[in-house]
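Asker: Below: sequence and its predicted model.
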Amino acid sequence: MASLPPGTSPGPGAHPHPAPRHPRLDPLADRYAARTHGMKTSEIRALFSVVSRPEVVSLAGGMPAVTALPLDAVGSMIGELVTGMGAQTLQYGSGQGDPRLRERICDVMALEGITDASPSEVVVTVGSQQGLDLVTRVFCDPGDVILAEGPSYVGALGVFEAAQARVRHVTMDDDGLVPEALEQALLECRAAGDRVKFLYTVPNFHNPAGVTLSEPRRQAVMEIADRYDLLVIEDNPYGLLGFDREPMRALRARDDQRVIYLGSFSKTFSPGLRVGWVLAPLAVREKLVLATEAQVLCPPSLTQYAVARYLDTQPWREQIKLFTELYRERRDATLESLEALMPAGTTWTHPDGGFYVWLKLPHGLDAKLMQPRAVNAHVAYVPGIGFYADGSGREHMRLSYCYPEPDQIREGVRRLARVVEAELELHATFDAVDTGTFRAVRGGTQVPGVDPFVGPANSDRYGDRG
Ligand SMILES: Cc1ncc(COP(=O)(O)O)c(C=O)c1O
């Protein structure tokens with residue numbers, strides 16, 4: 001920090017900055033805005049350096065299989081854009097986004113039953129992640145409540161935390177969000193005087209749960225939204241990646257005023273281009289454009305033109321089909337291996353699209369605490385705790401099958417199953433300790449309560465077992 005020039009002193013009424021609490025760690029520690037206090041590294045980013053090691057099979061990251069794209073064709077297309085369209089591709093653009101791209105986005109949304117969207121209601125964003133951030137900025141003050149599935153997309157939780165909103169999770173099951181639980185949450189919030197700003201939901205091939213909101217539940221959720229005057233944020237990056245059936249009809253197709261829809265080209269084309277969008281009623285759209293102008297001025301021109309040109313000139317529907325066939329094969333490899341190898345008591349979801357399986361460990365095991373052993377065994381996953389704002393999810397983990405080849409997936413699940421089995425054995429041993437029948441662990445007498453792998457510091461994790 002710049003100090004005052006020699007011979008000057010703070011003016012009357014000015015207070016010198018208080019001494020930083022941890023001057024050597026971070027001299028600015030006392031200056032950060034309150035909203036930064038809730039910010040933390042996501043479970044996924046924390047794993048990044050580990051999972052990129054070649055010996056580790058990563059079932060952690062949700063990276064799309066972009067190598068399945070026709071890279072030469074995409075490369076020439078982008079090159080021709082710059083030479084053909086010239087400086088326009090390298091210039092600032094409109095805050096709302098390229099009009100041609102917004103038209104094409106409406107064609108894409110029509111595949112999910114949104115047939116009445118106008119390009120004027122679309123705002124192009126830097127991935128749907130920016131869309132989430134904009135919507136949250138426009139609607140949420142600190143302390144407001146957001147209802148969100150439990151578990152929820154980790155990137156959304158990060159945005160909500162940064163806005164100092166409070167997340168209240170709503171239970172989901174194999175058919176997605178449970179409408180009765182939603183209504184109950186609304187009633188409880190109403191009784192507590194909480195300001196519920198919106199429901200955040202990922203209805204298709206949920207991240208991380210892998211499940212899809214059933215047709216009757218879509219109806220029920222929208223009826224509840226109507227009854228309680230609830231705004232719904234429908235986050236739908238995976239909707240076109242179904243394996244077995246046509247895309248489901250979007251919530252936005254049922255109500256164009258109550259639902260704000262977030263879309264993305266990250267999973268159907270390329271995440272590196274960072275192109276997504278928000279479809280919102282006109283009044284909201286105006287606020288979103290102002291917010292995006294304050295944030296980034298405008299979305300990048302080149303990547304918008306690239307996506308518009310891709311949709312205009314390349315067989316993108318066939319490409320999506322190719323992606324889904326590839327992901328289906330990987331999903332099958334995952335489910336078959338889990339079925340064959342996982343110890344009794346382990347359960348998991350059966351996605352029919354998208355990227356993710358949500359796995360529940362046998363009772364008492366903790367995915368977060370098991371993680372170092374898994375990494376030691378050269379397999380990575382994302383612990384479930386990262387997908388909840390309230391610290392639950394310890395028995396769960398997310399497995400992503402989108403990126404590794406089927407053989408790698410089988411090997412990864414084999415390694416994971418061994419780790420879970422070892423963890424179960426360890427637990428059985430400590431159960432024996434608890435009941436006084438404990439003898440020895442790994443060839444030596446073991447002090448009860450001490451984890452033979454990680455030492456006494458972490459051994460209290462067994463304290464909460466029933
Ligand atoms: C549910 C969900 N929403 C939003 C995003 C953000 O996607 P992007 O910003 O790449 O469009 C992701 C990415 O994984 C996601 O899974």
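Answerer: All right, it came through fine.

Asker: make it CA atoms for all contacts and neighbour counts henceforth
Answerer: Noted.

Asker: Would you mark the buried spots in the host helix or strand of Asp431?
Answerer: Assigned by DSSP states H and E, Asp431 falls within helix 406-434. Under the neighbour-count criterion of 16 or more other C-alpha atoms under 10 Å, helix 406-434 has 406, 408-421, 423-424, 426-427, 429-431, 433 buried.

Asker: got it, and stretch 354-364?
Answerer: Here stretch 354-364 shows 354-362 as buried, counting by 16+ other C-alpha under 10 Å.

Asker: and the end-to-end length of it?
Answerer: 29 Å (C-alpha to C-alpha, to the nearest Å).

Asker: any idea of the mean pLDDT for that stretch?
Answerer: Stretch 354-364 carries an average pLDDT of 97.

Asker: which residues touch stretch 368-387?
Answerer: The set of residues external to stretch 368-387 that reach it, using C-alpha atoms under 8 Å, 6 or more residues apart in numbering, is 42-44, 47, 50-51, 55-61, 150-154, 157, 208, 367, 391-400, 412-413, 415-416, 419, 423.

Asker: pLDDT wise, what is Leu302 at?
Answerer: 96.

Asker: same thing with Arg461?
Answerer: As predicted, Arg461 sits at a pLDDT of 28.

Asker: Please apply the same query to the one 4 residues further on.
Answerer: At Arg465, the predicted lDDT confidence score is 27.

Asker: can I see the domain layout of this structure?
Answerer: For the chain, automatic domain parsing gives the domain ranges 45-68+318-428, 71-314.

Asker: Report the buried residues of stretch 307-324.
Answerer: Neighbour counts using 16+ other C-alpha under 10 Å place 307-311, 319-321, 323-324 of stretch 307-324 among the buried residues.

Asker: sorry, back to before: now a PyMOL select for only the buried ones of the contacts of stretch 368-387.
Answerer: Here is the PyMOL command that selects the buried residues among those (16+ other C-alpha under 10 Å):
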select buried, resi 43+44+47+50+51+56+57+58+59+60+61+150+151+152+153+154+157+208+367+393+394+395+396+397+398+399+400+412+413+415+416+419+423
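
Asker: which residues of the protein score low on pLDDT?
Answerer: Low-confidence segments of the chain, defined by pLDDT under 70: 1-24, 42-48, 432-466.

Asker: Show me which residues of it are close to the ligand?
Answerer: 127-129, 153, 202, 207, 235, 237, 264, 266, 271, 274, 276 (C-alpha under 6 Å from any ligand atom).

Asker: now those residues in TSV, with secondary structure?
Answerer: What follows is these, written out as TSV (DSSP: H, G, I helix; E, B strand; the rest coil):
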residue	secondary structure
Gly127	helix
Ser128	helix
Gln129	helix
Tyr153	coil
Val202	coil
Asn207	coil
Asp235	strand
Pro237	coil
Ser264	strand
Ser266	coil
Pro271	helix
Arg274	coil
Gly276	strand
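
Asker: Which of these sits closest to Arg217?
Answerer: Val202 (13.1 Å; C-alpha to C-alpha).

Asker: That closest one and Thr212, how far apart?
Answerer: Distance of Val202 to Thr212, given as C-alpha to C-alpha: 8 Å.

Asker: do you know how far Pro300 is from Val124?
Answerer: 10 Å.

Asker: Contacts made by the longest strand seen in the chain with the rest, please.
Answerer: Taking DSSP state E as the criterion, the chain has its longest strand at strand 166-173. Here strand 166-173 makes contact (C-alpha under 8 Å, 6+ apart) with 142-151, 157, 160, 177-178, 181-182, 185, 211, 388-389.

Asker: Contacts only, for the residue nearest in space to the middle of the chain.
Answerer: Nearest residue to the geometric centre of the chain (C-alpha atoms, centre = their mean): Tyr153, 3.1 Å. Tyr153 makes contacts with 207-208, 387, as judged by C-alpha under 8 Å, 6+ apart.

Asker: Go through those residues and say which is closest to Leu81.
Answerer: Of all the contacts of Tyr153, Asn207 has the smallest distance to Leu81: 34.0 Å, by C-alpha to C-alpha.

Asker: From Val413, how far off is Ala29?
Answerer: On the measure of C-alpha to C-alpha, Ala29 and Val413 end up 42 Å apart.

Asker: can I assume Ile114 is in contact with Asp256?
Answerer: No: using C-alpha atoms under 8 Å, Ile114 is not in contact with Asp256; the gap is 9.0 Å.

Asker: which one of those two has more residues nearby?
Answerer: A count of neighbours by other C-alpha atoms under 10 Å puts Ile114 above the other of Ile114 and Asp256, at 20 against 16.

Asker: coming back round to it: tell me which entries of the buried residues of stretch 354-364 lie within strands.
Answerer: Those of these lying in strands (DSSP E): 356-360.

Asker: re the thing from before, quick one, which of the domains of the chain is nearest to Arg35?
Answerer: Here domain 71-314 is closest among those (C-alpha to C-alpha), at 5.5 Å.

Asker: among the residues of the chain next to the ligand, which ones are buried?
Answerer: Buried among the residues of the chain next to the ligand (16+ other C-alpha under 10 Å): 127-129, 153, 202, 207, 235, 237, 264, 266, 271, 274, 276.

Asker: Out of those, the closest to Ser94 would be?
Answerer: Closest to Ser94, out of all of these and judged by C-alpha to C-alpha, is Gly276, at 15.0 Å.

Asker: before we move on, back to that, from the contacts of Tyr153, which is closest to Pro315?
Answerer: Asn207 (27.0 Å).

Asker: for the closest one, what are its contacts?
Answerer: Per C-alpha under 8 Å, 6+ apart, neighbours of Asn207: 152-153, 355-356.

Asker: Tell me which residues are up against stretch 301-308.
Answerer: With C-alpha under 8 Å, 6+ apart as the criterion, stretch 301-308 contacts 77-78, 81, 88-93, 97-98, 100-101, 104, 273-275.

Asker: Could I have the buried ones of these as ChimeraX selection syntax?
Answerer: Those of the contacts of stretch 301-308 that count as buried under 16+ other C-alpha under 10 Å are selected in ChimeraX with:
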select :77,78,81,89,93,97,98,101,104,273,274,275
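
Asker: Now, the contacts of stretch 301-308 that are in helices?
Answerer: Taking DSSP state H, the ones among those that sit in helices are 77-78, 81, 100-101, 104.

Asker: which of those residues lies closest to the ligand?
Answerer: For the ones in helices among the contacts of stretch 301-308, the residue nearest the ligand by C-alpha to the nearest ligand atom is Leu101; the value is 15.4 Å.

Asker: which one is the closest one nearest to, not counting chain neighbours?
Answerer: Ala308 (4.9 Å; C-alpha to C-alpha, 6 or more residues apart in numbering).

Asker: that's a helix at that neighbour, yeah?
Answerer: Yes: with three-state DSSP as the criterion, Ala308 is part of a helix.

Asker: Many thanks, have a good one.
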